[in-house]
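[1] Just the structure for this:
(chains A and B)
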Amino acid sequence: MAERGRTPAAPAELVVRGGTVTDRSGERRADVRVADGRVVEVGADLAAGRGATVLDAAGCAVAPGLVDLHTHLRQPGREEAETIETGTRAAALGGFTAVVAMPNTEPALDSAEAVRSVLELARGATAHVAVAGAITVGRAGERLAPLAELAALGVRLFTDDGDGVQSAGLMRRALEYGRGLGVTLAQHCEDRSLAAGGAMHEGAWSSRLGLPGTPAAAEEVMVARDIALARVTGGRVHFLHLSTAGSVELVRRARAEGLAVTAEAAPHHFTLTDGCAAGFDPVFKVNPPLRPPADVDAVRAGLADGTLDAIATDHAPHAPEAKDLPFEQAPAGMLGLETALALALTELDLPLARVLALLSWQPAAIAGLDAAHGGDQGGDVTPGAPAHLCVVDPGATWTVAATALASRSRNTPYAGRTLTGRVRHTVLAGEPVVVDGEAQR
Amino acid sequence: MSGFPTHLLSMDDLDVAAIGEVLRVADSFAEVGRRANPKVPTLRGRTVATLFFEDSTRTRMSFETAAKRMSADVLSFAPGSSSVNKGESLRDTVETVQAIGMDAVIIRHASSGVPAQVARWVDHCAVINAGDGCHQHPTQALLDVFTVRQVLGGGDDGLARFRGLRVTIVGDVRHSRVARSQVAAYAALGAEVTLVGPATLLPPSLEGWPVAAAGHDLDAVLATTEVLSLLRLQGERGSGTFVPSLREYTASFGLTARRAARLAPGTPILHPGPIVRGVEIAAEVADLPAARITDQVRNGVAVRMAVLFLLLGQGRHDGAARG
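    From the prediction side, this is the model:
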């Protein structure tokens, strides 16, 4: 997709002062000077010119902007839950400078017209919006969407997210066809016949609560199937929101075999367990469902040992009335953009640079938004690089308040939780879109 | 009164002392039920609403009779005749009912957890679960325990008789809110509960369930069973796809006359109703004196009076508190 230059609101000169630049190349104490949307100087004690905007970054990491592989912006069709404007504001507050918008909108993003319309609406948004296209027409799982036509518009990731492609034969064709286009197919792994209307993880808690459960196997059989298909086709598969120990192990073996598979995990799958559903509060309903502690541990281990390449939010806004339905009928999904980085820093026992890798340059590469794929996200903070920056204070604590979130919806499962690590500033193409934790527009 | 919860959402809300209290209070209300004029002024001036989002004849009638025998005003809410069909949300419905001024709402819903959700939305109003999805049906378990105690007798409050009592629960445990409440009630009283059913109709996990055993062979446990509790096959929850056929289910798990004969004489046979004769229980067995199905229905009124009394009586949830 087109590179973004300096936006109209960007100051002519911006200096990020007093932080530690942290990117794929390592960590170094340095100030960062930005002009015309690009990093122009990285070094100690940079002087700010007259009229320059100065952002204090004392005690902070100055990193490439975060990239979310998995965002539901809900526009078009569900604007009561989120819009591109509110969703990208939430993204900016979470330190993201790019998000991949999932195609399960109404209508689905399965045509050039639909993709163009979202890209048009996203122009000038406070985060770059890349579009994931649908694999099948209407996400119905029956025939392929015009993948080449969408790829020509810059779509690099395709998924029917919200549903898995149920037909193995169709998925095989999609992988073969996609390989020829150089795109990645992202799978929401859920075998519908096994999930069978499950409202939570099938296990001790679902049995006690009398709620229909989705077994871990519903996810794992599709992970196993698609690994076999990746082997047959040579196509690239990305596994969305993996949630079970079995899935992580399958991916670990596939990687050892050298297959072109990547995988992500969502923050709720390494921070919450199926027992959260005990009070029947639909804010804890999500798909894939929250799993037992052993699965949570496996997801954490997968993030730690590199089996899982990315943390992706699966930011899924739902209007309050939708979450006031009975648990079984309430829609699945949780907000994620504004809490993801803090949850990773608070809950994962990983160095800051590793967390940033999982949230910035690794997902940028999977999304095809990095320099290697013609994009400008996730790159090192060096002179000449586009100024997409996330300035995070890893020691700052804050308490999540649902009403303080920028998202149009309120369905965070973390309300009241105190987290360590807070996004202080976010810079998009040289424009400080978040300053001291406040959205600037 | 100490220790009785604000709402009755699950059998897990009641400890042994609270169960004992319900049974003792129910004893006196059962006596009221035998009078020529079975009415007491206990809840005069109180208003109780039944919100039945799912069909039910006996439970609703039982609760409404219980409330009326205690002189409470009873409002009956049926979704078919209400604004739910016009798209009103559950929460709005509940808030409307509360605004009218209820001391208690008695809720039945096809989805598990709805009473717990409703309890979070109301102030100064007791929520009673009259059956939610596959989750809980606490008053059914209480009336079962009351009925068993009536049959078995025993000293003091009759609770000692439950210690080590071998209770067998047969059938579609997976989809049964009754079974979940029964297990909690019997286990709290010290009974040894055995679950029997085809593997597809037992819960996917029994981790944390206070049961002594779970198996698939009804014939193997009949001789040692002291209380036999049958469950209805929940066709409306799709349990039909969990067994090849009703015929095959009945062959393995139906209480036929031949199986009933293998029970020790006098072993109480319970069923929450409505019974499906010829599937989980043979017609002639349902009419045996050991079958306590009619007693259960009768006792249901006394037990529900006791629950209403303990939740609403003696100054709880009174008009002043409602403000």
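
[2] Tell me where the stretch 101-250 of chain A has strands.
    For the stretch 101-250 of chain A, the strands defined by DSSP state E, counting those that start in this stretch cover A:128-133, A:157-158, A:184-187, A:200-201, A:213-214, A:236-239.

[3] Which residue would be the closest one in chain B to chain A?
    With CB to the nearest CB as the measure, the residue in chain B that lies nearest chain A is B:G113; the distance is 2.8 Å. Just so you know, the C-beta spots here come from the backbone N, C-alpha and C atoms, and that holds for glycine as well.

[4] What parts of the stretch 251-400 of chain A come near chain B?
    Residues of the stretch 251-400 of chain A that fall close to chain B, judged by CB under 8 Å from any CB of the partner chain: A:279-281, A:321, A:324-329.

[5] make it 10 Å
    Taking CB under 10 Å from any CB of the partner chain, the part of the stretch 251-400 of chain A that reaches chain B is made up of A:277-282, A:292, A:320-330.

[6] Go through the chain and flag its longest helix.
    All of this is about chain A. The single longest helix within chain A, with elements called by DSSP state H, is helix A:216-233.

[7] if you could check chain B rather than the one you did, that'd help
    Ordering each helix of chain B by length in residues (DSSP H) puts helix B:293-312 first.

[8] what is the mean pLDDT for it?
    Taken as a whole, helix B:293-312 has a mean pLDDT of 96.

[9] Also stretch B:97-116?
    94.

[10] Just the endpoints, please. Distance across that stretch?
    16 Å (CA to CA, to the nearest Å).

[11] can you check stretch A:208-224 too?
    Terminal residues of stretch A:208-224 are spaced 29 Å apart (CA to CA).

[12] Which positions within it qualify as buried?
    Applying a neighbour-count criterion of 16 or more other CB atoms under 10 Å in any protein chain shown, the buried positions in stretch A:208-224 are A:208-216, A:218-224.

[13] Next: stretch B:99-115.
    Going through stretch B:99-115 with 16+ other CB under 10 Å, the ones that come out buried are B:102-115.

[14] how deep is residue 170 tucked in, by neighbour count?
    All of this is about chain A. As a burial measure, A:L170 scores 16 neighbours (other CB atoms under 10 Å in any protein chain shown).

[15] nope, chain B please
    26.

[16] Which of the three states applies to A:E41?
    Under the three-state scheme (DSSP: H, G, I helix; E, B strand; the rest coil), the conformation of A:E41 reads as strand.

[17] mind checking how far it is from chain B?
    Distance of A:E41 to chain B, computed by CB to the nearest CB, to the nearest Å: 55 Å.

[18] Now do the contacts for the nearest residue to that residue once chain neighbours are set aside.
    The shortest distance from A:E41 to any non-neighbouring residue, by CB to CB, 6 or more residues apart in numbering or on different chains, is to A:R33 (4.0 Å). Shown in contact with A:R33 (CB atoms under 10 Å, 6 or more residues apart in numbering or on different chains): A:13-17, A:39-43, A:46-49, A:52, A:383, A:387.

[19] ok, back up a step: among the residues of the stretch 251-400 of chain A next to chain B, which are in helices?
    For those, secondary structure assignment (DSSP H) places none in helices.

[20] Give me the buried subset of the residues you listed.
    Neighbour counting with 16+ other CB under 10 Å marks A:277, A:280-282, A:292, A:322-328, A:330 as buried within those.

[21] I'd like to know which of these is nearest to A:M102.
    Sorting those by distance to A:M102 puts A:A322 at the head of the list, at 17.2 Å, by CB to CB.

[22] Against chain B, how distant is the spatially closest residue to that closest one that is not a sequence neighbour?
    Using CB to CB, 6+ apart and skipping residues adjacent in sequence, the residue nearest A:A322 is A:P331, 5.2 Å away. Spatial separation of A:P331 from chain B under the definition CB to the nearest CB is 14 Å.

[23] For chain B, give me the ranges with low pLDDT.
    Under the criterion of pLDDT under 70, the regions of chain B flagged as low confidence span B:1-2, B:80-88, B:155-156, B:235-240, B:314-323.

[24] any idea how far the residue positioned nearest the centre of it lies from A:L175?
    Central residue check for chain B by CA atoms, centre = their mean: the C-alpha nearest the mean position is that of B:Q140, 1.3 Å away. Shown here: B:Q140 relative to A:L175, a distance of 53 Å by CB to CB, to the nearest Å.

[25] Name the residue of the stretch 251-400 of chain A that lies nearest to chain B.
    Across the stretch 251-400 of chain A, no residue is closer to chain B than A:F280, which sits at 2.8 Å (CB to the nearest CB).

[26] Test my guess that that residue contacts B:G113.
    Yes - applying CB atoms under 10 Å as the test, A:F280 and B:G113 come out as touching, 2.8 Å apart.
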